[in-house]
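K.L.:
What follows is a predicted protein model with its sequence.
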Amino acid sequence: MEKVWQPQKIEKKIYQLWEKSKVFSPKIKKGKKPFSIIMPPPNANASLHIGHARFIAIQDLLVRFHRMLGEPSLWLPGADHAGIATQVAFEKKLQLEGKTRFSLGREKFYEEIYKFSQKNKEIMYDQMKALGASCDFKREKFTLDPKISRIVLETFVKMYKNGLIFRKERIINWCPRCQTALSDLEVEYKQEKSKLWYIRYLFKDENRFISVATTRPETMVGDTALAVNPKDERYKDFIGKKVILPLMFREIPIVSSESVDPKFGTGVVKVTPAHDPTDFEIGKKEKLPLIQVIGFNNKMTKKAGKYADLSVLEAREKIIQDLEIKGHLEKVEDYLHSVGFCERCGSLIEPQVSLQWFVKTKPLAKKAISVVKNKKIKIIPERFEKNYLLWMENIRDWCISRQLWWGQQIPIWYCGTENLSSLQKLMNPELAKKEIIGCGEVIASVEKPKQCPKCQNKDLIQDPDILDTWFSSAQWPFTTLMTSPYKKDFEYFYPTTVMETGYEILFFWVARMIMLGLYRTKKIPFKTVFLHGLVRDAFGQKMSKSKGNVIDPLEVIKIYGTDALRMALIFGSTPGKDLSLSSEKIEAMRNFANKIWNAARFILFFPGKEDSKNQPKETKEDKWILKELKKTIKSTTKNIEEFRLGQAAEELYEFFWHKFCDKYIEASKNRKSRAQPILLQVLETSLKLLHPFMPFITEEIWQIARKKIKKENFFKERLLISGEWPK
């Protein structure tokens, strides 16, 4: 054995040893309880980051533990096509080459982005292997695999026919940068410093005005009403009166709505139904016209009059200037308010009215609430159960159509191009050129129908929108197993045992997996949801490239080794809480690896002095360390079973370093020959306990010990990874 642990020399060799043994691929054993985890698929558009390293460390720990318990253990890996994120990343690459998706055309664009994602996927899998992931790559899946896509599209068709999917014109979150609609969950709200502009609206045929406060003066050219709260005594007599819209000289009514907060501004708000969700609802109730003054390109439309073609910010400045000149601007105040940004690219969200596809979620949520309340699905930590139930009980319809070209195209066919929305024609220039007269029939079908069932027209047009990535990944647990190369996988491994993921996607993903899993398979998709937190820097700040505090897991591995990084990501962690990670902590875990290595060197390679005949065969130290070992086996097993992984790591560290090395090994140095059986016993058992946490160093020591210790009854199992968990 080398004097110092040198992980860079052996990690690849050890991983190849595991792969060659085929231990990652479980065999179905009738009557034997399986353990299964379906990996949350990382986006196939970039390298793995420290957050991925954390979930790999946790999930690999769990699967190694259950494998050693003798359970057929499946950890199925995969990658997500990640519609918006991957298309944005690829379009940036095209931009550098002087190309756009429109210059390539839809078919060629899809072909090129597919190659891009597959290349990234293979790089990601190599990175997973470097992190020691003992998942079964023979079963690996991609969310756009043809068989998986077919099941996803079949689910859409089934839901559409069951009335759970519908198309309707509603206000949606529009990202001008990504050029697509987003669901409510994909909007990140931040407190922003802004202004509150007070604008005077003159009453029709009266020499007086009413003052209105707004944070978005640029939308006022699309106002179709003012609104007050019906309980606000100040404005009770104004309801039904008309005012003149400044700059546009349009008559608009004053209406009442309980959604108006009398404490905001003057208690009177402008109503722009085409550009605000609350205003849209007021507009529906009052039958107000929709005037779209901000286009999908984030420029003012022709309906904005003289402000047409200006950017939103340019229009704001010009409108404020004109209001001031005309005497309509009363005052301006500083204001702090919540503003929505695209969760993917960080752009300011623009609410827009658009014809989109939605999932009717309330019927699905009802069953998903029941299985958690009845403890058929357990959420760890338990406090997140309340968050889950609160969100599910107040769930809103889910917008699942995206104006992208990368993903599963919606399986809806139209008889005639009149069914296409103006937005769809804008985002698909090739379709905009087509003019097909049909009967307007809408057909839901995975395959293209031979003809329209109503008028027999054969020239049908597929809806050009694609499905939200979360719609396909919500079906991930069952689509991966249903399409497995091993026919009995779904029957044996589903429902899966654990869904381990970050708490930040409890609603994005976990809740939706439960809803669609119950809908499609009539079974829960998993029995336990185990949530971990974010990885933060040493000061508790969120990691970001702009802050320069990002930790690259592969760079860490080069310096400290995989085991040190993995142990640092587990040690001191608490379920559902963020973890602070520093180079000092990783270095401390590297020092721990060295301690394990040196202890093994001492036990395996250093002969002890001839023991004195007066020394007892068994000392109180012998009895004490065996007692402590027994306690550690029990506590480690229980802590892992109950998902207290950080506590298990801390107790193992304490036992091995301080109890075994500092006390027992030190005490046994003068009687090593006599203490050797106990030293070997404790080392062997400790390696098994530590293996799920630090797999490379423990397997390497095990292999060395097998060659060195041939006569004694220790280290008999060929591979530690498939060894028996201590009892």
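P.N.:
Here it is on my side, so go on.
K.L.:
Need the mean per-residue confidence for the longest helix seen in the chain.
P.N.:
Criterion DSSP state H: the longest helix present in the chain is helix 106-130. For helix 106-130, mean pLDDT is 95.
K.L.:
Which residues does that helix contact?
P.N.:
11, 15, 42, 44-48, 52, 56, 77, 79, 81, 86-87, 90, 93, 101, 104, 135, 137, 140, 142, 144, 405-406, 428, 430, 553-554, 557, 562 (CB atoms under 8 Å, 6 or more residues apart in numbering). (C-beta placed from N, C-alpha, C; glycine too.)
K.L.:
Okay, and which of those residues map to strands?
P.N.:
Using DSSP state E to define strands, the subset of the contacts of helix 106-130 located there is 79, 142.
K.L.:
Can you flag the buried ones in the contacts of helix 106-130?
P.N.:
Using 16 or more other CB atoms under 10 Å as the burial test, the contacts of helix 106-130 include 11, 15, 42, 44-45, 48, 52, 56, 77, 79, 81, 86-87, 90, 101, 104, 135, 140, 142, 144, 405-406, 428, 553-554, 557, 562 as buried.
K.L.:
any idea how far residue 347 is from the residue most central in space within the chain?
P.N.:
The residue lying closest to the centre of the chain (CA atoms, centre = their mean) is residue 505, at 4.9 Å. According to CB to CB, to the nearest Å, residue 505 and residue 347 sit 21 Å apart.
K.L.:
now swap in residue 689 and tell me
P.N.:
Distance, residue 689 to residue 347, by CB to CB: 49 Å.
K.L.:
quick one: which of those two has more around it?
P.N.:
A direct count of neighbours by other CB atoms under 10 Å for residue 689 and residue 347 places residue 689 higher, at 25 against 15.
K.L.:
Just give the nearest non-adjacent residue to that one, would you?
P.N.:
Ranked by CB to CB, 6 or more residues apart in numbering and with sequence neighbours excluded, the top spatial neighbour of residue 689 is residue 636, at 5.1 Å.
K.L.:
What of residue 105?
P.N.:
Nearest non-adjacent residue to residue 105, counting by CB to CB, 6+ apart: residue 430, 7.0 Å away.
K.L.:
again, but for residue 261
P.N.:
Spatial nearest neighbour of residue 261, excluding adjacent residues (CB to CB, 6+ apart): residue 229 at 7.4 Å.
K.L.:
I'd guessed the residue nearest to residue 105 sits against residue 104; true?
P.N.:
No: using CB atoms under 8 Å, residue 430 makes no contact with residue 104, being 11.5 Å away.
K.L.:
Next, show the common contact partners of those two.
P.N.:
Residues touching both residue 430 and residue 104 (CB under 8 Å, 6+ apart): there are none.
K.L.:
and the host helix or strand of residue 687, what does it pack onto?
P.N.:
Per DSSP states H and E: residue 687 is located in helix 672-690. Packing partners of helix 672-690 (3 or more CB pairs under 8 Å, 6 or more residues apart in numbering; DSSP states H and E): helix 583-605, helix 620-641, helix 645-653, helix 666-668, helix 695-708.
K.L.:
how many neighbours does residue 530 have?
P.N.:
Neighbours of residue 530 under the rule other CB under 10 Å: 21.
K.L.:
mind listing what it touches?
P.N.:
So residue 530 contacts 58, 380, 498-501, 575, 643 (CB under 8 Å, 6+ apart).
K.L.:
Strand partners (parallel or antiparallel) of the longest strand seen in the chain?
P.N.:
Identified as the longest strand of the chain according to DSSP E is strand 187-203. In the sheet, strand 187-203 lines up against strand 209-214 (antiparallel), strand 242-245 (antiparallel), strand 329-342 (antiparallel) (DSSP bridges).
K.L.:
Tell me which residues of it come out buried.
P.N.:
Buried residues in strand 187-203, counting neighbours by 16+ other CB under 10 Å, are found at 187, 196-201.
K.L.:
so which of those comes closest to residue 597?
P.N.:
Nearest to residue 597 among the buried residues of strand 187-203: residue 187, at 49.7 Å, using CB to CB.
K.L.:
Just list whatever residues bridge to the closest one.
P.N.:
Beta-bridge pairing for residue 187 (DSSP bridges): residue 342.
K.L.:
Residue 215 against residue 338, yeah?
P.N.:
No: counting by CB under 8 Å, residue 215 does not reach residue 338; the two are 10.2 Å apart.
K.L.:
what about those two, which has more around it?
P.N.:
residue 215 (15 against 8).
K.L.:
Now do the same contact list for residue 167.
P.N.:
When contacts are counted by CB under 8 Å, 6+ apart, residue 167 touches 355-358, 412, 442.
K.L.:
So in this structure, where's the weakest helix or strand by average pLDDT?
P.N.:
helix 429-432 (a mean of 85; mean pLDDT, DSSP states H and E).
K.L.:
what's that one packed up against?
P.N.:
Partner elements for helix 429-432 (3+ CB pairs under 8 Å, 6+ apart): helix 422-427.
K.L.:
by contact count, what packs against the helix it packs on?
P.N.:
Other elements packing on helix 422-427 under the criterion 3+ CB pairs under 8 Å, 6+ apart are strand 350-359, helix 429-432.
K.L.:
Recalculate using a threshold of 10 Å.
P.N.:
On a contact count with 3 or more CB pairs under 10 Å, 6 or more residues apart in numbering; DSSP states H and E, helix 422-427 meets strand 180-182, strand 350-359, strand 401-402, helix 429-432.
K.L.:
who does the shortest one pair up with?
P.N.:
Just to be clear, that refers to strand 401-402. Looking at strand 401-402 with DSSP bridges, its partner strands are strand 466-467 (antiparallel).
K.L.:
distance between the helix or strand just after the strand it pairs with and the chain's centre?
P.N.:
Moving toward the C-terminus from strand 466-467, the next helix or strand (DSSP H and E) is helix 469-473. Distance, stretch centre to chain centre, for helix 469-473: 11 Å (CA atoms, centre = their mean, to the nearest Å).
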